[in-house]
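J.: Just need the structure, nothing else, for what follows:
(chains A and B)
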Amino acid sequence: MLLVEVLEKLNILSAAAKYDVSCSSSGSNRKNKPGGVGNAAASGICHSWSQDGRCISLLKILQTNFCVYDCAYCVNRASNDLPRAAFTPEEVADLTINFYRRNYIEGLFLSSAVWPNPNQTMEALLRTVKLLRTQYRFNGYIHVKAIPGADWRLIAETGTLVDRMSVNIELPTSESLQLLAPQKKRENILQPMKLIGSQIVESQEERKQSRKAPSFVPAGQSTQLIVGATPDTDLRILQLSESLYRRVHLKRVYYSAYVPVSTNPKLPTLASPPLNREHRLYQADWLLRFYGFEAKELLNEASPNFHLQLDPKSDWALRNLHLFPLEVNKADYRFLLRVPGIGVKSAQRILTARRFHSLDFEDLQKLGVVMKRARYFLTCKGKYFGQIPYREEAIKEKLLAKPTKVENYTQLALFSDVENQQPVQDALTSITGEL
Amino acid sequence: MIIYLYDGSFEGLLTAIYEAYYRSEKPEQIMAQDSYQPDLFSQPRVIATDSDKAGKVYDAIERKISHEALEHVFYVYLSELPGLGTLIYRYLQFGWRVGADINGHLSLEPVREVLRISQKVGVERHRMLGLLRFKKIQGELYYAPFEPDYNIVGLMAPHFARRLADQNWIIHDLKRGLAAFYNQERWLIRELANNTGQLNWEENEAFYQELWQNYFQRIAVEGRTNRKVQRQFMPARYWRHLIEKPTQ
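T.: Alright, predicted model coming up:
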């Protein structure tokens, strides 16, 4: 392989793939085989963190960025003038193996633009995956995109070889799709998702009967939604996620704050990606999956978007003050989970610890409860520690996020002009994609 | 004040705990010999390591408390933190009284402390499973130097023996002069001095390093730069042995 050529391809095809936020490598426990290389770690392993604070776990590349589609939001759209390239299956396999043997990565995340048609694109992906699994005897983690419109047999065969598959919905409603990606049909996107979903359930059933039954996408299926490229509300997005989790058994829905990659008049002009909104959606997504909440509890038609200064759980609790304060030593697990400042781990610790003695305010801190939020919603042995009147406005004032502290990494020189320094726009944490 | 001194090994520590149970002279502290500093009030008692006695304590932890407790004790031992001998002693004293329930007693200082330290060691192990970097040396050998806070090389070796089963590798803890060696069949830990001298990299090594460095730069989305989070997950003290170069 020629260094310059591969280097150039890698640069083009990784830059084209970076807007896909998923990088999770968890949920599969694929074992290594004698003479083979690699296995999957059920917990997932991050191997590095890029300059944007996101975890790097997989080699995330496109097979090709030549594309027949012209979706307005996408950097790879046909009308965009940018360098194009395509990897051969051998090149992808060689990169994956050599990165893997040096422990740079946990596996491969292979995606592709559609060229020249869905079937041939899917065939190319399948060829690469097959090469890795059979010739290179690679048993590490592989995440592959299913291409909407490709023959189901191709997708199904790919599913027997990989750990995770995903189909990106990108735009939450048919109207948005019509506006920004008129060549794509919502039904064509949802159909393979449904098929993959039911195949996963079927294979799980078979594997309960016999452990030798072949696995199908053992780490589950995921998708991605773009936030902020269209006028869709948080409520629409969250309802969509909810139905995907319930009906199609999706493992994860990823949310990607729209990063302006085009000046198309159909797209909004944003100063910076709506990271705060993305963050709230992730919080709400966790509430759906691990805390027993439903979308309709968190948002409604009257207030269809999340409060940007208040996390979704606190927001919900403030609207439902009649359910609180909760007695920590008696409350049911399901209700403990609904207290702002108590997470899954601290709720479980509370259950364990209170078997041995009843808990005080001080104990809760040691168990990892975030007291600056939880104190207003709890009693310990009948005592309330909020220290302010139990009223919505009073508590809300305490919970509202303080204006983010301006962080600036330039060192102050003795005579530097402090006035002229730009505050950093958004110092929010990004979600790492780790489960 | 009676202080039991052991030779620094895990067996030595377990022997000291055995003696603390059977001797009438109970220790107030248990510590490794080389971290002991004599003073007027302390009465040191040197405990000779005895693998039979250590084995009995090992079994008694597993049988009368739990396998989980044994693992926590070992992780705390690997932390090499000052005061760990006494802490483990207190934890086990309590553990033999209450049995398998021990880790639920979070209101007790030694229990909380053992769980906290054990978790820190576990976190570093998990982190290093990702951050370790191998370089290929001529003669089909992969070499990974690192400098972990805790003595975790033995906790990492089984993972790589399963994963990189068909290659020869060395994981070298430069801080402690220890290394795990693997020859495609089994792994073992031996002392390995720091001065490995000039290593001859395999001819493609620089090529893949350059590819990885480029990939690392390209994969970040410019509009979302967030160095603070990057450093939070990947503290700067680990950067030295990475191939990629996160900038300050």
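
J.: Leaving out the residues flanking it, which one is nearest to the one residue in chain B that gets nearest to chain A?
T.: Per Cβ to the nearest Cβ, B:V229 is where chain B lies closest to chain A, at 3.1 Å. Heads up, the C-betas are built off the backbone N, CA and C, glycines and all. Spatially, and ignoring its direct neighbours in sequence, B:V229 is nearest to A:G53 (3.1 Å; Cβ to Cβ, 6 or more residues apart in numbering or on different chains).

J.: how close does that neighbour sit to B:R227?
T.: Taking Cβ to Cβ, to the nearest Å as the measure, A:G53 falls 7 Å from B:R227.

J.: So these two - more neighbours on which side?
T.: The neighbour comparison of A:G53 against B:R227 (other Cβ atoms under 10 Å in any protein chain shown) goes to A:G53, with 23 against 16.

J.: wait, what's in contact with A:L180?
T.: A:71-73, A:171, A:229-230, A:266-267 (Cβ atoms under 8 Å, 6 or more residues apart in numbering or on different chains).

J.: Buried ones among these?
T.: The neighbour-count test (16 or more other Cβ atoms under 10 Å in any protein chain shown) marks A:71-73, A:171, A:229-230, A:267 as buried among those.

J.: quick one: which of the residues you listed sit in strands?
T.: Among the buried ones among the contacts of A:L180, no member falls in strands (DSSP state E).

J.: picking up where we left off before, quick check, the residue nearest to B:V229 in a strand?
T.: No - using DSSP: H, G, I helix; E, B strand; the rest coil, the assignment for A:G53 is coil, not a strand.

J.: before we move on, the earlier item: which helix or which strand is home to the residue of chain B closest to chain A?
T.: Secondary structure assignment for B:V229, by DSSP states H and E: helix B:227-233.

J.: closest to B:Y143 among the buried ones among the contacts of A:L180?
T.: B:Y143 has its nearest neighbour among the buried ones among the contacts of A:L180 in A:Y73, at 45.1 Å by Cβ to Cβ.

J.: Helix, strand, or coil at the residue in the stretch 201-350 of chain A positioned nearest to chain B?
T.: When scored by Cβ to the nearest Cβ, the stretch 201-350 of chain A has A:V259 as its residue closest to chain B, at 4.7 Å. Secondary structure, three-state DSSP: A:V259 is coil.

J.: For it, give me its contacts.
T.: Residues counted as contacts of A:V259 (Cβ under 8 Å, 6+ apart) are A:19, A:273, B:221, B:223-224.

J.: Go through the residues you listed and say which is closest to A:E362.
T.: The closest of these to A:E362 turns out to be B:R224 (Cβ to Cβ; 39.2 Å).

J.: buried sites along the top helix by length along chain B?
T.: Scanning chain B for the longest helix, with DSSP state H as the assignment, gives helix B:109-131. By neighbour count with 16+ other Cβ under 10 Å, helix B:109-131 contains the buried residues B:110-115, B:117-118, B:120-122, B:124-131.

J.: Which residues in the helix holding B:V229 does the neighbour count mark as buried?
T.: B:227, B:229-230, B:233.

J.: a markdown table please, covering those residues and showing pLDDT.
T.: Output for those, formatted as a markdown table (pLDDT from 0 to 100):
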| residue | pLDDT |
| --- | --- |
| B:R227 | 89 |
| B:V229 | 90 |
| B:Q230 | 92 |
| B:F233 | 92 |
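
J.: Tell me which residue of the stretch 51-200 of chain A lies closest to chain B.
T.: For the stretch 51-200 of chain A, Cβ to the nearest Cβ, closest residue to chain B: A:G53, 3.1 Å.

J.: Now that the residue of chain B closest to chain A has come up, it's in contact with A:W49, right?
T.: Yes - B:V229 is within contact range of A:W49, at 7.3 Å (criterion: Cβ atoms under 8 Å).

J.: ok, the closest residue to A:K145 other than its chain neighbours - contacts?
T.: Counting by Cβ to Cβ, 6+ apart, A:S111 is the residue found nearest to A:K145 once chain neighbours are left out, at 4.3 Å. A:S111 is in contact with A:17, A:20, A:60-63, A:144-145, counting by Cβ under 8 Å, 6+ apart.

J.: Format the residues you listed as CSV; extra columns: pLDDT and secondary structure.
T.: Shown next, in CSV, are the contacts of A:S111 (pLDDT from 0 to 100; DSSP: H, G, I helix; E, B strand; the rest coil):
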residue, pLDDT, secondary structure
A:A17, 86, coil
A:D20, 82, coil
A:K60, 95, strand
A:I61, 95, strand
A:L62, 96, strand
A:Q63, 96, coil
A:V144, 97, strand
A:K145, 95, strand
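
J.: Compare those residues and tell me which has the most neighbours.
T.: Greatest neighbour count in the contacts of A:S111, by other Cβ under 10 Å, goes to A:I61: 28 neighbours.

J.: how is chain A carved up into domains?
T.: Domain assignment for chain A by automatic domain parsing gives A:3-298, A:312-399.

J.: where along chain B do the strands fall?
T.: Assigned by DSSP E, chain B shows strands spanning B:2-6, B:29-32, B:43-46, B:135-137, B:141-146, B:168-173, B:178-182, B:187-191.

J.: Now A:S111: phi and psi?
T.: Main-chain dihedrals, A:S111, degrees, to the nearest 10: phi -130, psi 180.

J.: same question, the one 3 residues further on
T.: Here the main-chain torsion angles of A:V114 (degrees, to the nearest 10) amount to phi -90, psi 120.

J.: That one - how many residues pack around it?
T.: If you count neighbours by other Cβ under 10 Å, A:V114 ends up with 23.

J.: on that earlier part again, what's the spacing between the residue nearest to A:K145 and A:D151?
T.: In this view, A:S111 and A:D151 are 18 Å apart by Cβ to Cβ.

J.: Also A:N329?
T.: Counting by Cβ to Cβ, the separation of A:N329 from A:D151 is 59 Å.

J.: for B:F160, same thing?
T.: B:F160 is 40 Å from A:D151, where distance means Cβ to Cβ.

J.: more crowded one of those two?
T.: In this view B:F160 and A:D151 are compared by other Cβ under 10 Å, and B:F160 has more residues nearby, 21 against 13.

J.: and the more buried one, what pLDDT?
T.: Per-residue confidence at B:F160 stands at 97 (pLDDT).

J.: Stretch B:136-146 and chain A in contact?
T.: Yes - using Cβ under 8 Å from any Cβ of the partner chain, we find that stretch B:136-146 touches chain A at B:136, B:142, B:144.

J.: Just give me how far that stretch sits from the chain centre.
T.: Taking the mean of its C-alpha atoms, stretch B:136-146 sits 22 Å from the chain's own mean (Cα atoms, centre = their mean, to the nearest Å).

J.: phi, psi of A:I226?
T.: Main-chain torsions, A:I226, degrees, to the nearest 10: phi -90, psi 130.

J.: Distance-wise, check the residue sitting furthest away from the middle of chain B relative to B:N214.
T.: Centroid-distance maximum for chain B: B:G223 at 38.4 Å, with Cα atoms, centre = their mean. Here the criterion is Cβ to Cβ. By it, B:G223 lies 20 Å from B:N214.

J.: after the helix or strand that A:L59 is a member of comes which helix or strand?
T.: Under the criterion of DSSP H and E, A:L59 resides in strand A:58-62. Where DSSP H and E defines the elements, the next helix or strand beyond strand A:58-62 is helix A:89-101.

J.: And the lowest-mean-pLDDT helix or strand in chain B, what does it pack against?
T.: For chain B, counting by mean pLDDT, DSSP states H and E, helix B:227-233 ranks last in confidence among helices and strands (a mean of 91). Applying 3 or more Cβ pairs under 8 Å, 6 or more residues apart in numbering or on different chains; DSSP states H and E, one finds that helix B:227-233 contacts strand A:48-49.
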